[in-house]
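> Fold the following and give me the result.
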Amino acid sequence: MNNISELTSGSELSQSQNMIDTKRITTFAEIDQQLQMLQANKDKWVKTGIEERIKILDKIRQDMKPVSLDWVRLSMAAKGTVPNTFPEQEEKIFLGSIFGLITVLRKSLSDIKRYGRPHIPGPVGVLPNGQVCAKVFPQKKADTLMFPGVSAEVLMEPGVTIDEMLQSQAKFYTDKPVPGAVSLVLGAGDVSCLPITDIIYRLFIANRVVVLKLNPVNDYLGPLIEKGFRALINPGFLRIVYGGAAEGNYLCNHALVDEIHLTGSDKTFETIIFGPGTGGSERKAQRKPLITKPVTGELGNITPVIIVPGPWSQEDIRKQAQKITIWLAFNAGCNCLTPRVLIQDKNWAQRDLMIKAICGVMAHMDTRKAYYPGAIERHAAFVAAHPNALQFGDSSNGHLPWTIIPDIDPQNTRDICFNTEAFCSLFAETSLEADDIPGFIDRAVDFVNGTLWGTLTASIIVHPQSLLNPKIAAGVERALLNLHYGTVCVNEWGATGYASNTTPWGGYPGRDIYDIQSGIGFVNNMLMFDKPQKAIVRGQF
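Numbering: from 1, shown residues only. Here you go, the predicted structure:
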């Protein structure tokens, strides 16, 4: 693409702000018409062949390029960021991930046409515990350049054999066509690519036509999506609607909507299923949902980062502190995969040095606008609960300071840091006692599985020299299997797994609507596995 930074001047950002401030509402009558159109075309989409679907993807890629500059510029204006800064690069990354997803999906469709299923780029085997494991990343040489040293594998649910995995892969393309359906996607408001990846998944993997209701936080992207995705809109396979809670409620309860997918919060999910307020809480307790149609969701997470003690040098501590803090700072801390609780060994001599190094990085970072609704109030609630919170940077003009809350008592399982997702520029630190490093790893796994809310993603940071110790290496591998998260990373964070486009993304399987946590179902999953359990992503220290 062109150099976007050359075109994002102050005057253009002001013009973009005017576009953002123009709110759109789709009337109920218009929603009815859109859903009738989708119902009329749902079976046509199911019967659309692979060659035609590839042409649609090529057209989307072509049509998205002219709107790319406005995509980045509008997103920057909405979040109060300026050109030639890292936040601008973030928006380019979000936009680029759409093109990356299309590329991976196109290859999978081509593979199905030639071989009957998407090609798995690495070996497939059975782990000692009996689970089938498929290495899925890197797919091509360019992946090793974009993500040096990163690899990923997908574990299937227990009981799935290699033959069953291969035979069920992309079965919706090889089995007899099923009746079509209309899927409502309630788009995320924090990251611009999320509504796009959701609709692509529902259309090309779940085989549904889609009505997308954009979140009011980023509905300024709607006209750009309408231009970029006209290859799906023109034939009646995709519709985009606008509005707030009233329009969302109307859509969720509409007879012409067959299923719902939400990327957002567990509170929104529960309101959809059970209704708002005390009435909703009572219906949940009585197990009497208002909505019985299928509902999937990719929701929040209190993301843990387990720091394994080891022979860390001062430079190691500095670099890892910088890496962890960048993970926090990404998108102003408004991500479901932002690190929220660091877990350290209480007896590690360098524990305090790690906290001090993180504080040193924060002290030199520019603060960010708290653009996401409720971020300032959430930050205040955490600091009120923990007056010892360490804060860095200016908090004027709608900005929030970078904040770490050290030394949370791990026995206080009701602590706000353990059961409430901050979704702002804040994380916490706690420590656990153990007799040795393998024991610490095991205890950390038990702690995050049993205490922290959420099942989306978790990370382990371990020094390569520590992995030369067979007991520590075995402890790390044991943790990868035992952590109840949909994506588990070693020396990486969940965003890398999401960006690979080859690993499924979602909460750990087994939840239901009565204890939803990080959600039900997966998105991405461009290799189209039928029963994935989790992704494991490995990176460089």
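> which residues of the stretch 101-250 of the chain fall in strands?
Applying DSSP state E, counting those that start in this stretch to the stretch 101-250 of the chain gives strands spanning 124-126, 132-137, 151-156, 182-186, 209-213, 238-241.
> Need the contact partners of the third one.
The reference is to strand 151-156. With contact meaning C-beta atoms under 8 Å, 6 or more residues apart in numbering, strand 151-156 is reached by 122, 127, 131-138, 165, 481, 497, 500, 502-504, 527, 529, 531-538. To be clear about C-beta, it is placed using only N, CA and C from the backbone, and glycine gets the same treatment.
> would you turn the strands of the stretch 101-250 of the chain into TSV with distance to residue 490?
Written out in TSV, the entries for the strands of the stretch 101-250 of the chain read as follows (distance: least, C-beta to C-beta, whole Å):
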stretch	distance to residue 490
strand 124-126	18
strand 132-137	14
strand 151-156	10
strand 182-186	32
strand 209-213	35
strand 238-241	38
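> Show me which residues of the helix or strand containing residue 439 are buried.
Assigned by DSSP states H and E, residue 439 belongs to helix 437-450. By neighbour count with 16 or more other C-beta atoms under 10 Å, helix 437-450 contains the buried residues 437-438, 440-445, 447-449.
> Equivalent analysis for stretch 485-494, please.
Quick answer for stretch 485-494 (16+ other C-beta under 10 Å): 485-494.
> Settle this for me: residue 454 is touching residue 515, isn't it.
No - with contacts counted by C-beta atoms under 8 Å, residue 454 stays clear of residue 515, the gap being 11.4 Å.
> So for those two, which sits in the more crowded spot?
With neighbours defined as other C-beta atoms under 10 Å, residue 454 and residue 515 compare such that residue 454 has more, 26 against 9.
> From residue 346, how far off is the residue of the chain positioned farthest from its centre?
The outermost residue of the chain, judged against the average C-alpha position, is residue 435 (35.3 Å), by C-alpha atoms, centre = their mean. Using C-beta to C-beta, to the nearest Å, residue 435 is found at 12 Å from residue 346.
> so where do the helices sit in the stretch 1-150 of the chain?
Taking DSSP state H, counting those that start in this stretch as the criterion, the stretch 1-150 of the chain contains helices spanning 10-20, 28-46, 50-64, 68-79, 86-115, 141-146.
> need the ones you listed in CSV with distance to residue 371, can you?
CSV is the format used below for the helices of the stretch 1-150 of the chain (distance: least, C-beta to C-beta, whole Å):
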stretch, distance to residue 371
helix 10-20, 11
helix 28-46, 28
helix 50-64, 24
helix 68-79, 5
helix 86-115, 10
helix 141-146, 28
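> so of those helices, which one's packed in deepest?
helix 68-79 (a mean of 22; mean count of other C-beta atoms under 10 Å).
> follow-up on the earlier one: would you confirm that the residue farthest from the centre of the chain belongs to a helix?
No - using DSSP: H, G, I helix; E, B strand; the rest coil, the assignment for residue 435 is coil, not a helix.
> I figured residue 113 hits residue 106, correct?
No - Residue 113 lies out of contact with residue 106 (C-beta under 8 Å); the separation is 10.8 Å.
> List the contacts of residue 496.
147, 150, 489, 537, 539.
> Quick one: residues contacting the last one.
Yep, that's residue 539 we're talking about. Residue 539 neighbours (C-beta under 8 Å, 6+ apart): 147, 149-150, 489-492, 496.
> Same question for the third one.
Contact criterion C-beta under 8 Å, 6+ apart gives 457-460, 496-497, 536-539 as the residues in contact with residue 489.
> Let's have the residues you listed in JSON lines, adding secondary structure and distance to residue 388.
Listed next are those as JSON lines, based on DSSP: H, G, I helix; E, B strand; the rest coil; distance: C-beta to C-beta, whole Å:
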{"residue": "457", "secondary structure": "strand", "distance to residue 388": "27"}
{"residue": "458", "secondary structure": "strand", "distance to residue 388": "25"}
{"residue": "459", "secondary structure": "strand", "distance to residue 388": "25"}
{"residue": "460", "secondary structure": "strand", "distance to residue 388": "27"}
{"residue": "496", "secondary structure": "helix", "distance to residue 388": "32"}
{"residue": "497", "secondary structure": "helix", "distance to residue 388": "33"}
{"residue": "536", "secondary structure": "strand", "distance to residue 388": "35"}
{"residue": "537", "secondary structure": "strand", "distance to residue 388": "33"}
{"residue": "538", "secondary structure": "strand", "distance to residue 388": "35"}
{"residue": "539", "secondary structure": "coil", "distance to residue 388": "32"}
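> Could I get the full set of strands for the stretch 251-400 of the chain?
In the stretch 251-400 of the chain, the segments counted as strands under DSSP E, counting those that start in this stretch are 259-263, 295-298, 303-307, 339-345, 368-369, 390-392, 399-400.
> of all the buried residues of helix 437-450, which comes closest to residue 159?
Minimum distance to residue 159 across those is 21.0 Å, recorded for residue 449 (C-beta to C-beta).
> In space, what's closest to the closest one - neighbours in sequence excluded?
residue 484 (4.9 Å; C-beta to C-beta, 6 or more residues apart in numbering).
> neighbours around residue 468, how many?
Other residues within reach of residue 468, judged by other C-beta under 10 Å, total 9.
> separation between it and residue 539?
Where residue 539 is concerned, residue 468 sits at a distance of 18 Å (C-beta to C-beta).
> ok, back up a step: the contacts of residue 539: which two are farthest apart?
The span of the contacts of residue 539, defined through C-beta to C-beta, is set by 147 and 490 at 13.7 Å.
> thinking again about what came up before, so for the helix holding residue 439, what's the average pLDDT?
Averaged across helix 437-450, pLDDT comes to 98.
> quick check, distance from it to the centre of its chain.
Mean-position distance between helix 437-450 and its chain equals 24 Å (C-alpha atoms, centre = their mean, to the nearest Å).
> can you give me the angle it makes with strand 339-345?
Relative orientation of helix 437-450 versus strand 339-345 (axes from the mean of the first three to the mean of the last three C-alpha atoms, to 10 degrees): 150 degrees.
> counting contacts, what elements does helix 437-450 pack onto?
Packing contacts for helix 437-450, counted by 3 or more C-beta pairs under 8 Å, 6 or more residues apart in numbering; DSSP states H and E, involve strand 303-307, strand 339-345, strand 426-432, helix 470-482.
> what's the most buried one of the ones you listed?
strand 303-307 (a mean of 26).
> That one vs strand 426-432, what angle?
50 degrees.
> Please export the alpha-carbon coordinates of strand 303-307; CSV is fine.
Backbone C-alpha positions of strand 303-307 (Å, rounded to 0.1, in the frame of the first residue of the first chain) are rendered in CSV as follows:
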residue,chain,number,x,y,z
THR,A,303,-4.9,-12.6,30.4
PRO,A,304,-2.2,-14.1,32.6
VAL,A,305,1.5,-13.9,31.8
ILE,A,306,3.5,-16.5,33.8
ILE,A,307,7.1,-15.4,34.2
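> Show me what it is in contact with.
Against strand 303-307 from outside (C-beta under 8 Å, 6+ apart): 320, 324, 327, 336-345, 354, 441, 444-445, 448, 452, 454, 456-461, 479, 493-494.
> Over to stretch 159-173?
50, 108, 112, 116-118, 124-126, 131-132, 134, 156, 178, 205-207, 527-531.
> what's the closest of the buried residues of stretch 485-494 to residue 257?
Distance to residue 257 across the buried residues of stretch 485-494 (C-beta to C-beta) is lowest for residue 486, with 25.7 Å.
> and that closest one, what is it in contact with?
455-457, 504-509, 518, 522, 534-535.
> go with 6 Å
Shown in contact with residue 486 (C-beta atoms under 6 Å, 6 or more residues apart in numbering): 456, 506-508, 534.
> Also residue 112?
So residue 112 contacts 50, 170, 173 (C-beta under 6 Å, 6+ apart).
> what's the answer for residue 404, then?
Contacts of residue 404 by C-beta under 6 Å, 6+ apart are 358, 390.
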